[in-house]
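Undergrad: Sequence and predicted structure are below.
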Amino acid sequence: MAKTKEIQRRLKSINNIKKITKAMEMVAAAKMRRAIEAVLRTRDYAHLSWETALNLATISESKREPLHPLLASRPVINRVAIIVMTSNRGLCGGFNANLLNKVRQSIKKYHFSNGALTTTPEFILVGKKAESLINLGYKIAADFPKSDSLHSFEEVHPLSQLVINDFLSGHYDKVLVAYTDFINPIKQVPRIKQLLPISLTNQEDQFNTNHITSLVDDHLASELIFEPSRQVVMDKVLPKLIEVQIFQAMLEVNASEHSARMSAMRQASDAASDMVEELTLFFNKARQASITAEIAEISAGASALIDN
């Protein structure tokens, strides 16, 4: 009897958990649909804006003119900023862990001297789950709040201005962004891409270089005219293009987060259903065994009375 009561308590507990995970799955699915719509609306524009930035860099290099400060690579990389974009909440499977592992692996690519890093990485955090890097002893340069839904480029303006100003001042020699790229509701890929300087070199750490087909050849570059001047155009355009890439990365993170949470909650609900089915079978067996034992006791008592 005690065994069946224990199974009933476990069944009740698991069913309550299943209700919670099912509700969270439905909420995540609704948020995921909105996030996917947002990321798909701006993705083509973000890709084309990055093509524009790379083409401006190509034009400057082809004409052998002095590069804009946002396009110029530093001969020595002494300090690197890594923008890490995670979620604010958990219960989304390996979403955050996969990205943070990718970040730790990327740090190992820098040269070591006598066991110490010759290049100093600093982290700019977006999302509460990125704060786990503090416990690992890494230097945190800034911490920005993350919104579950972005509506305008103004929301990422403080972050973009921080990295642009620090890069131009020479505080950072390279700026990377670590985010999770949304592929589909089932697949999300952690990526680390180079944000600054804007350059076609170092293809491994570039935004969407597999989508880019150069629009510039020597003939076209010679015909392009900048008004009022190349410097003025780049001073205005390049910071905006950087802002677009940060905005798009955050949209990708939001869509990936809600997709990962929906999948995690669906798996939890399915696991709860399997446990309920298994425990129900155990309960029925235990109940049947209890009934059989009671019938045997009654039969034995009746036989004893008859014998007497």
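TA: Thanks, I have the structure now. Residues are numbered from 1 along each chain as shown.
Undergrad: tell me the SS of the residue nearest the centre of the chain?
TA: Central residue of the chain (CA atoms, centre = their mean): T180, 3.3 Å from the mean position. Reducing the assignment to helix, strand or coil with DSSP: H, G, I helix; E, B strand; the rest coil, the entry for T180 is strand.
Undergrad: V175 now?
TA: Classification of V175 by three-state DSSP places it in strand.
Undergrad: excluding its backbone neighbours, what's nearest it?
TA: If the residues on either side of it in the chain are set aside, V175 comes closest to L196, at 4.0 Å by CB to CB, 6 or more residues apart in numbering. The way it works is simple: take the backbone N, C-alpha and C, and place the C-beta from them, glycine included.
Undergrad: Please work out how many residues are found near the one you found.
TA: Using other CB atoms under 10 Å, the number of residues around L196 comes to 25.
Undergrad: Which strands or helices does whichever strand or helix holds I291 pack on?
TA: Under the assignment given by DSSP states H and E, the secondary-structure element containing I291 is helix 230-307. Applying 3 or more CB pairs under 8 Å, 6 or more residues apart in numbering; DSSP states H and E, one finds that helix 230-307 makes contact with helix 2-62, strand 79-85, helix 95-107, helix 157-168, strand 174-182, strand 188-196.
Undergrad: try 6 Å
TA: For helix 230-307, the packing partners by 3 or more CB pairs under 6 Å, 6 or more residues apart in numbering; DSSP states H and E come out as helix 2-62, helix 157-168, strand 174-182.
Undergrad: What average pLDDT does it get?
TA: Per-region confidence: helix 230-307 scores 86 on mean pLDDT.
Undergrad: just use 7 as the starting number from now, easier for me
TA: Okay, using 7 as the starting number, the last item reads as helix 236-313.
Undergrad: How many residues are close by the nearest residue to the residue nearest to the centre of the chain once chain neighbours are set aside?
TA: Closest residue to T186 apart from its sequence neighbours, by CB to CB, 6+ apart: S262 at 4.1 Å. As a burial measure, the neighbour count of S262 was computed by other CB under 10 Å and equals 29.
Undergrad: S262 contacts F188, correct?
TA: Yes. Using CB atoms under 6 Å, S262 is in contact with F188, at 4.6 Å.
Undergrad: any residues in contact with both of the two?
TA: Counting by CB atoms under 6 Å, 6 or more residues apart in numbering, the common neighbours of S262 and F188 are Q194.
Undergrad: hey, what's the residue nearest to the centre of the chain bridged with?
TA: Partner residues in beta bridges with T186, using DSSP bridges, are P196.
Undergrad: What's the separation between it and C98?
TA: Here the criterion is CB to CB, to the nearest Å. By it, T186 lies 10 Å from C98.
Undergrad: And for I170?
TA: The span separating I170 from C98 equals 31 Å under the rule CB to CB.
Undergrad: So for these two, which residue has more residues nearby?
TA: Shown here are I170 and C98; by other CB under 10 Å, C98 has more neighbours (23 against 20).
Undergrad: I'd assumed that one was in a strand, is it?
TA: No. Assessed by three-state DSSP, C98 does not belong to a strand; its assignment is coil.
Undergrad: sorry, back to before: mean neighbour count, the helices and strands packed on helix 236-313: which tops it?
TA: Here the criterion is mean neighbour count by mean count of other CB atoms under 10 Å, and of the helices and strands packed on helix 236-313 the winner is strand 180-188, at a mean of 23.
Undergrad: one step back: can I assume the residue nearest to the centre of the chain is in contact with P196?
TA: Yes. In this structure, T186 is within contact of P196 by CB under 6 Å, at 5.1 Å.
Undergrad: and for the two, which residues touch both?
TA: Common neighbours of T186 and P196 are listed as L105 (criterion: CB under 6 Å, 6+ apart).
Undergrad: count of neighbours near M268?
TA: The number of residues packed near M268 is 24, by other CB under 10 Å.
Undergrad: Check V82 too.
TA: For V82, using other CB under 10 Å, the count is 7.
Undergrad: Helix, strand or coil: sort out it for me.
TA: coil.
Undergrad: Once you drop chain neighbours, what's closest to it?
TA: The spatial neighbour of V82 that comes closest, neighbours along the chain excluded (CB to CB, 6+ apart), is D179 at 7.2 Å.
Undergrad: I140 too?
TA: Leaving aside its chain neighbours, I140 sits nearest to I146 (5.8 Å; criterion: CB to CB, 6+ apart).
Undergrad: how close does E258 get to V238?
TA: Between E258 and V238 the distance is 32 Å, computed by CB to CB.
Undergrad: Much appreciated, bye for now.
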